[in-house]
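> Below are the sequence and a predicted model; questions follow.
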Amino acid sequence: MPTRRGWAAFGAGFGFWIAARFIGSDDLHMVAVGVIALPFLGWLFVQWNRVKLTVHRHLSAVRVFPGTRVSVSLKVENHGGSTAPFLLIEDTLPSVLGRSARVVVTGVPPGGSQTVSYSVLARQRGRYTLGPLFTRITDPFGLAQIRIQTALRNDLIVYPEVEDLDPWSLGMHGAGAGESTVRQLFRTASEFYTMREYVTGDDLRRIHWPSVARTGHLMIRQDETTRRSIATVFLDNRTAALGASGSPGFERGVSVTATLGRLLIQAGFAAHLATVDSPAELLSENALLEMLAAVGSVRGKGTGEVLASLRETSRGDTSLVFVSSPPLAGEIPGLIRTGTAFGRKLAVFIFPVDPATLPPDPAAELQTRASAARHSLQHAGWEVYVIPPEGRLALAWQPRRQPRKLQEAGSSTS
């Protein structure tokens with residue numbers, strides 16, 4: 001089909017033809033006919049030179065954190081028998097990543113390929129789809145074109161923002177030895193977990209003599225086992241709590257959830273993630289970040305049913321992380337009741353709106369809610385942090401830990 005330039009040429013030629021008819025100029029009449037014919041000749045050119053093309057898209061990284069620039073390479077392969085003409089490739093991008101990318105490819109020989117690239121900046125979390133891709137074949141004058149759509153799509157996952165926190169100050173240890181393991185002893189020697197061959201340094205009192213007589217090797221009774229500590233991270237993704245998806249309060253809540261969930265996993269915990277519309281699920285670090293990259297806000301739901309389910313399925317040594325806005329006075333007893341089923345408990349309350357930007361009365365009401373929740377939960381054995389939507393957990397995390405570190409350092413030197 002003709003391009004805008006082609007239609008402009010056709011209009012100009014038609015104008016020349018009218019002028020030639022009025023003034024009776026044969027030369028101008030020939031020029032008018034030639035200009036009118038150019039768009040149609042261009043259309044015949046692109047039809048005659050249609051080639052078989054294959055386009056492959058490659059991303060320098062598929063999973064990135066906000067602020068990362070991703071390089072996108074487009075490899076054009078010519079499977080036809082003639083050299084590919086002037087190609088304009090348009091790659092459709094989500095609006096969050098910017099305008100659709102346009103690149104030019106010329107002179108791809110038969111059986112050859114050419115690679116062009118562009119870059120996008122991942123500014124905010126989400127799961128984005130790149131594509132479809134459109135290839136426009138034009139004549140050398142840009143008067144006619146053919147548009148070919150390629151159903152080529154690639155996913156780009158932008159993780160939530162993750163802050164760096166001190167893992168040794170997590171303060172959420174499982175029962176028993178170590179931060180990430182729980183040691184369980186069996187009550188009698190007949191309930192031993194397994195046996196293994198003797199290794200130099202093992203306690204000789206643990207030799208299992210019946211197995212020695214049966215196998216002819218020294219066998220050690222393994223009457224203790226270890227398991228990973230468990231932690232549940234709950235994100236209150238209600239619109240009534242942290243706001244709608246994309247709002248500062250909601251995005252800060254997702255960032256805090258990703259930060260603490262990743263910290264727990266790296267510390268060796270078996271971390272479960274739960275939201276208002278999703279039950280607790282055991283996730284790896286990458287799966288946790290991918291799930292939080294796509295999480296959105298929900299409307300018209302409460303946390304009571306979800307918290308009751310968490311309370312019923314938890315063990316007494318399970319750690320709980322609760323991320324939400326400062327709760328109402330009527331919600332605090334239910335939260336405290338839920339915490340009784342867990343071991344260590346940590347709550348991070350995020351103001352959905354910065355109180356400094358509100359009128360005096362709403363700001364005072366929001367801060368009163370936060371103070372009441374902090375006092376009640378700390379009295380019930382919780383550790384509580386309160387941050388504004390534009391704030392950072394790391395700033396609230398470190399000052400409280402520093403005196404304890406200094407105290408431990410002072411006691412070790414005394």
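Everything's here; your move. Remember, it's a predicted structure, so these values are computed and weren't measured experimentally.
> tell me which element residue 17 falls in.
helix 4-23 (DSSP states H and E).
> got the buried residues for stretch 323-330?
Using 16 or more other CB atoms under 10 Å as the test for burial, stretch 323-330 gives 323-327. C-beta: built from backbone N, CA, C; applies to glycine.
> Out of those, flag the one nearest to residue 254.
residue 323 (8.6 Å; CB to CB).
> In terms of secondary structure, what does the helix holding residue 17 contact?
helix 26-48 (3 or more CB pairs under 8 Å, 6 or more residues apart in numbering; DSSP states H and E).
> Mind listing residues that contact the helix it packs on?
1-2, 6-7, 9-10, 12-17, 19-21, 85, 137-139, 141, 143-146 (CB atoms under 8 Å, 6 or more residues apart in numbering).
> Show the average pLDDT along that helix.
For helix 26-48, the per-residue pLDDT values average out at 84.
> buried set for that helix?
So for helix 26-48, counting by 16+ other CB under 10 Å, buried means 28-29, 31-32, 35-36, 38-39, 42-43, 45-46.
> Run the chain-centre distance for that helix.
Its chain's average C-alpha position is 54 Å from that of helix 26-48, according to CA atoms, centre = their mean, to the nearest Å.
> That helix vs helix 4-23, what angle?
Interaxial angle, helix 26-48 versus helix 4-23 (axes from the mean of the first three to the mean of the last three CA atoms, to 10 degrees): 160 degrees.
> Can you name the next helix or strand after helix 26-48?
strand 53-59.
> picking that back up, neighbouring contacts of the helix holding residue 17?
Counting by CB under 8 Å, 6+ apart, 2, 25-26, 28-29, 31-39, 42-43, 141-144 sit against helix 4-23.
> Alpha carbons of it, in PDB - could you do that?
The C-alpha trace of helix 4-23 is given here as PDB (Å, rounded to 0.1, in the frame of the first residue of the first chain):
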ATOM      1  CA  ARG A   4       2.000   9.000   3.300                       C
ATOM      2  CA  ARG A   5       4.800  10.100   1.000                       C
ATOM      3  CA  GLY A   6       3.300   8.000  -1.800                       C
ATOM      4  CA  TRP A   7      -0.200   9.600  -1.400                       C
ATOM      5  CA  ALA A   8       1.500  13.000  -1.300                       C
ATOM      6  CA  ALA A   9       3.200  12.200  -4.600                       C
ATOM      7  CA  PHE A  10       0.000  11.000  -6.100                       C
ATOM      8  CA  GLY A  11      -1.800  14.200  -5.000                       C
ATOM      9  CA  ALA A  12       1.000  16.400  -6.400                       C
ATOM     10  CA  GLY A  13       0.900  14.500  -9.700                       C
ATOM     11  CA  PHE A  14      -2.900  14.900  -9.900                       C
ATOM     12  CA  GLY A  15      -2.400  18.700  -9.300                       C
ATOM     13  CA  PHE A  16       0.200  18.800 -12.100                       C
ATOM     14  CA  TRP A  17      -2.200  17.000 -14.400                       C
ATOM     15  CA  ILE A  18      -5.000  19.600 -13.700                       C
ATOM     16  CA  ALA A  19      -2.500  22.400 -14.300                       C
ATOM     17  CA  ALA A  20      -1.300  20.900 -17.500                       C
ATOM     18  CA  ARG A  21      -4.900  20.600 -18.800                       C
ATOM     19  CA  PHE A  22      -5.500  24.300 -18.000                       C
ATOM     20  CA  ILE A  23      -2.400  25.700 -19.600                       C
END
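> Now it: average pLDDT?
Per-residue scores along helix 4-23 average to 87.
> Please state the offset of it from the chain centre?
The answer for helix 4-23 is 56 Å, by CA atoms, centre = their mean.
> ok, now stretch 128-143?
30 Å.
> now swap in stretch 347-365 and tell me
27 Å.
> Just the residues contacting that stretch, thanks.
In contact with stretch 347-365 (CB under 8 Å, 6+ apart) are residues 241-243, 247-250, 252-253, 256, 260, 321-327, 335, 366-367, 370, 373-374, 377, 382-390, 393.
> can we see that at 7 Å?
242-243, 249, 252-253, 256, 322-326, 366-367, 370, 373, 377, 382, 384-390, 393 (CB atoms under 7 Å, 6 or more residues apart in numbering).
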